[in-house]
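*Asks:* predicted structure and sequence below. I'll ask about it afterward.
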2 protein chains.
Amino acid sequence: MSELIFTDDFFMKEALKEARQAFEKDEVPVGSVIVSNEKIIARSHNLVETLIDATAHAEILAITAAENYMGSKYLNECTLYVTLEPCIMCAGAMYLSRLGRLVFGTKDPKNGFQKFSDRVLHPSTKLSMKVMEGECSTLLKNFFLKKR
Amino acid sequence: MSELIFTDDFFMKEALKEARQAFEKDEVPVGSVIVSNEKIIARSHNLVETLIDATAHAEILAITAAENYMGSKYLNECTLYVTLEPCIMCAGAMYLSRLGRLVFGTKDPKNGFQKFSDRVLHPSTKLSMKVMEGECSTLLKNFFLKKR
């Protein structure tokens, strides 16, 4: 039964809830959750402007929280969901944490890690993309339209 | 007169003091300082094991502290000194903060950002390397010898 509920769409919708919180704070709307054994162990959204910290991307904050919760610097049994393709800093953090699986929503042709190399991720990290792509992309487009 | 004191060697020695603090905590001995107008505005060392956080590299901690001090997410007037060539996560953070200048001690052929691409840094970030290379490298070698 649980496999019908805990789909990639289910967890990406939770990441989207986080992204909407960022939107309301006038932050670039990116949200992330980290899942272990079908349980969300960390959730976060972009807080770069709020914290005045260029490193405060949703994924970095989620990885720090998840490792604290797990009591381990490795997340090889975890899946990280994020609404936007990670930048190279965040992909590097995923490498260091030996992330089990990365699922992202919409591609980031300008700053996404795939612009550099797929080798940025750890060889053991599985990758899925374009999950709930429309919703993730629309939220970002609406944010930048509002900013003009 | 001040230009005779505040050389790259001077600030790298301060980064080395931080690296030695990491060594004493049984952390991989990497240290960093960030300098603005010849003044150290942030200093830190690797705390990955202490904080159980794969993102707690010296550079990430220093960038967060410096941006907090400056009240700005950009460090375009700052120089970051670090004893070891940054990994791709840390180089990505330097890109996002539009770091003015990066000075590192010894190269990291296995995990250094230059393995991927020099394009990881922001085009406006100046780069100097091999400053106090011998001391930076010896400290790391001694750490890994002790670990065997």
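*Replies:* Thanks, I have it. Residues are numbered from 1 along each chain as shown, chains lettered A, B, ... in the order given.
*Asks:* give the buried residues for stretch A:113-127.
*Replies:* Using 16 or more other CB atoms under 10 Å in any protein chain shown as the test for burial, stretch A:113-127 gives A:113, A:114, A:115, A:116, A:120, A:121, A:122, A:125. Bear in mind the C-beta positions are built from the backbone N, C-alpha and C, glycine included.
*Asks:* spatially, which two of the residues you listed are the most separated?
*Replies:* The distance between the two most remote of those (CB to CB) is 18.3 Å, for A:115 and A:122.
*Asks:* residues touching the residue nearest the centre of chain A, list them.
*Replies:* Centroid-nearest residue in chain A, with CA atoms, centre = their mean: residue A:82, separated by 2.3 Å. For residue A:82, the contact set (CB atoms under 8 Å, 6 or more residues apart in numbering or on different chains) comprises A:15, A:30, A:31, A:32, A:58, A:59, A:62, A:90, A:102, A:103, A:104, A:105.
*Asks:* thinking again about what came up before, filter the buried residues of stretch A:113-127 down to the ones near chain B?
*Replies:* Near chain B, judged by CB under 8 Å from any CB of the partner chain, the entries from these are A:116, A:120.
*Asks:* now the buried residues of stretch A:113-127 in JSON lines, with pLDDT, distance to residue A:135 and secondary structure?
*Replies:* Below are those laid out as JSON lines (pLDDT from 0 to 100; distance: CB to CB, whole Å; DSSP: H, G, I helix; E, B strand; the rest coil):
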{"residue": "A:113", "pLDDT": "95", "distance to residue A:135": "22", "secondary structure": "helix"}
{"residue": "A:114", "pLDDT": "94", "distance to residue A:135": "21", "secondary structure": "helix"}
{"residue": "A:115", "pLDDT": "90", "distance to residue A:135": "23", "secondary structure": "helix"}
{"residue": "A:116", "pLDDT": "83", "distance to residue A:135": "26", "secondary structure": "coil"}
{"residue": "A:120", "pLDDT": "91", "distance to residue A:135": "26", "secondary structure": "helix"}
{"residue": "A:121", "pLDDT": "94", "distance to residue A:135": "24", "secondary structure": "coil"}
{"residue": "A:122", "pLDDT": "95", "distance to residue A:135": "28", "secondary structure": "coil"}
{"residue": "A:125", "pLDDT": "97", "distance to residue A:135": "24", "secondary structure": "coil"}
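*Asks:* now tabulate the buried residues of stretch A:113-127 in JSON lines and tack on distance to residue A:86.
*Replies:* Converted to JSON lines, the buried residues of stretch A:113-127 look like this (distance: CB to CB, whole Å):
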{"residue": "A:113", "distance to residue A:86": "6"}
{"residue": "A:114", "distance to residue A:86": "9"}
{"residue": "A:115", "distance to residue A:86": "11"}
{"residue": "A:116", "distance to residue A:86": "11"}
{"residue": "A:120", "distance to residue A:86": "9"}
{"residue": "A:121", "distance to residue A:86": "9"}
{"residue": "A:122", "distance to residue A:86": "13"}
{"residue": "A:125", "distance to residue A:86": "11"}
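*Asks:* ok, so of the buried residues of stretch A:113-127, who is nearest residue B:22?
*Replies:* Of all the buried residues of stretch A:113-127, the one with the least separation from residue B:22 (CB to CB) is residue A:122, at 23.5 Å.
*Asks:* hmm, residue A:98 and that closest one touching each other?
*Replies:* Yes. Residue A:122 is within contact range of residue A:98, at 5.2 Å (criterion: CB atoms under 8 Å).
*Asks:* if we can go back for a sec, look up the residues forming beta bridges with the residue nearest to the centre of chain A.
*Replies:* Counting by DSSP bridges, residue A:82 forms beta bridges with residue A:32, residue A:104.
*Asks:* what about it, distance to chain B?
*Replies:* 15 Å (CB to the nearest CB, to the nearest Å).
*Asks:* got it, and residue A:128?
*Replies:* 22 Å.
*Asks:* I'd like to know which elements the longest helix that chain A contains is packed against.
*Replies:* For chain A, the longest helix by residue count, based on DSSP state H, is helix A:8-24. Under the contact criterion of 3 or more CB pairs under 8 Å, 6 or more residues apart in numbering or on different chains; DSSP states H and E, helix A:8-24 touches strand A:31-36, strand A:39-45, helix A:58-70, strand A:78-84, strand A:101-106, helix A:133-147.
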